[in-house]
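**Q** Model the following, please.
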Amino acid sequence: MRVYILGSDGQLGHELCGVLGCFAEVIRATEAGYDMTDATALRDALRSAAPDVIVNAAAYTDVDGAEREPERARKVNADAVGVLGELAVSMRCPLVHYSTDFVFDGTQSRPYTEDDTPNPLSVYGRTKLEGERALLDRGAPALILRTAWVYGTRARSFVSSVLRLAREREELRIVQDQIGNPTFCRDLAEATGLVLYEARHHPHEALAPLAGLYHVAGGGSCSRYELACAAVALDPDKRSHKVQRIVPIPTSAYPLPATRPATAALDCSKAHRVLGIRLPPWRESLARALAG
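**A** As a prediction, the model looks like this:
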């Protein structure tokens, strides 16, 4: 099976290359080697590669930057995804595409299911939702995996930023009224790998009937503050910390250009029921991530 991975140089893409490389021929597409905003180049590259499966781990993920560059965010998160959907249909090539909890407004008290109505609050959320709809409208053989709060230790993420600041400052001020599912990028890559491994002999026939939306994120939910406290407590290199206290603050005390959903925990039971995948509890994954 030949798998074409877009965004292979990102934190998720890097993990996907390692996981999928165990059983498939991986074709790595890095940001330096292609332009997601060039539809012609994207079509030519994929037709030339002739993969059996496309995995799109590329996105404009700078949530605040998207408020300043809405057109670029839309070209990457929506227009390019539409092109991938067209190719998935015409080439009979299944697509795995990652979306986000930011498609929701975070106002309901229970975890969101795939049947809940999206209402994004930011350019990032709106463009990611447009990408989802571009695939659904085209009837693409696509697994759209909504995830949340993806982190790793080799690239910039909330967790890595907290640990960096813990070595630089005596006090950290962390938002306590945003709730979500912390997701270790390696867990997400491994879950993707399990689905593709099962489909490796006949990818289109196996995956096309499963096309649709799925929530795939770390088990359980917490606040940004709780995640920061856990990261500091579980860090094996605590001797290098300067931090003495972590102070919970409201979102209003840390204004940013893009509005974040307040409580956007995801219900991931459909992915477990239909795809047979379920990510571990977030604390367990965080401990594993920090242990290396």
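**Q** which stretch of helix or strand covers Glu205?
**A** helix 203-207 (DSSP states H and E).
**Q** now swap in Cys22 and tell me
**A** Here Cys22 is assigned to no helix or strand, by DSSP H and E.
**Q** same deal with Ala189?
**A** helix 185-198.
**Q** contacting residues around that helix?
**A** Helix 185-198 has contacts (Cβ atoms under 8 Å, 6 or more residues apart in numbering) with 1, 3, 11-12, 14-16, 18-20, 22-24, 53, 55, 96, 98, 143, 145, 147, 150-152, 203, 206-207, 216, 218, 271, 275-280, 285, 289. C-beta: built from backbone N, CA, C; applies to glycine.
**Q** among those, which are in helices?
**A** Counting by DSSP state H, the members of these that fall within helices are 11-12, 14-16, 18-20, 203, 206-207, 285, 289.
**Q** Arg156: neighbour count?
**A** 11 (other Cβ atoms under 10 Å).
**Q** try Val247
**A** Other residues close to Val247 by other Cβ under 10 Å number 11.
**Q** Check Ala191 too.
**A** 24.
**Q** With Gly292 instead?
**A** 6.
**Q** measure it to Glu130 for me?
**A** 38 Å (Cβ to Cβ, to the nearest Å).
**Q** cool, Tyr225 as well?
**A** 32 Å.
**Q** And for Ser240?
**A** Taking Cβ to Cβ, one finds Ser240 at 43 Å from Glu130.
**Q** When those two are compared, which one has more neighbours?
**A** Ranked by neighbour count (other Cβ under 10 Å), Ser240 and Glu130 place Glu130 first, with 18 against 9.
**Q** So that one versus Asn119, what's the distance?
**A** Glu130 is 14 Å from Asn119, by Cβ to Cβ.
**Q** Check Pro111 too.
**A** Pro111 is 16 Å from Asn119, by Cβ to Cβ.
**Q** cool, and Phe102?
**A** When Phe102 is compared with Asn119 (using Cβ to Cβ), they lie 11 Å apart.
**Q** More neighbours: these two, which one.
**A** Set side by side, Phe102 and Asn119 show more neighbours around Phe102, with 29 against 14, by other Cβ under 10 Å.
**Q** The nearest residue to that one once chain neighbours are set aside in helix, strand or coil?
**A** Spatial nearest neighbour of Phe102, chain neighbours left out: Gly125 (3.6 Å); criterion: Cβ to Cβ, 6 or more residues apart in numbering. Recorded secondary structure, Gly125: helix (DSSP: H, G, I helix; E, B strand; the rest coil).
**Q** give the contact list for Gly125.
**A** Counting by Cβ under 8 Å, 6+ apart, Gly125 has contacts 100, 102-104, 118, 261.
**Q** What about Pro51, how many residues nearby?
**A** Using other Cβ under 10 Å: Pro51 sits among 23 other residues.
**Q** From what I see, it and Arg2 are in contact.
**A** Yes. Taking Cβ atoms under 8 Å as the definition, Pro51 is a contact partner of Arg2 at 4.6 Å.
**Q** what touches both of these two?
**A** In contact with both Pro51 and Arg2: Ile27, using Cβ under 8 Å, 6+ apart.
**Q** thinking again about what came up before, how much does the helix holding Ala189 deviate in direction from helix 11-20?
**A** 40 degrees (axes from the mean of the first three to the mean of the last three Cα atoms, to 10 degrees).
**Q** Give me the average confidence score over helix 185-198.
**A** For helix 185-198, mean pLDDT is 98.
**Q** Which positions in that helix come out as buried?
**A** Neighbour-count burial for helix 185-198, counted by 16 or more other Cβ atoms under 10 Å, picks out 185-193, 195-196.
**Q** Taking the contacts of helix 185-198, please make a PyMOL selection of just the buried ones.
**A** Those of the contacts of helix 185-198 that count as buried under 16+ other Cβ under 10 Å are selected in PyMOL with:
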select buried, resi 1+3+11+12+14+15+16+19+20+24+53+55+96+98+143+145+147+150+151+152+203+207+216+218+271+275+277+279+280+285+289
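**Q** Flag the shaky bits of this protein, pLDDT-wise.
**A** 31-33 (pLDDT under 70).
**Q** Appreciated, that's everything.
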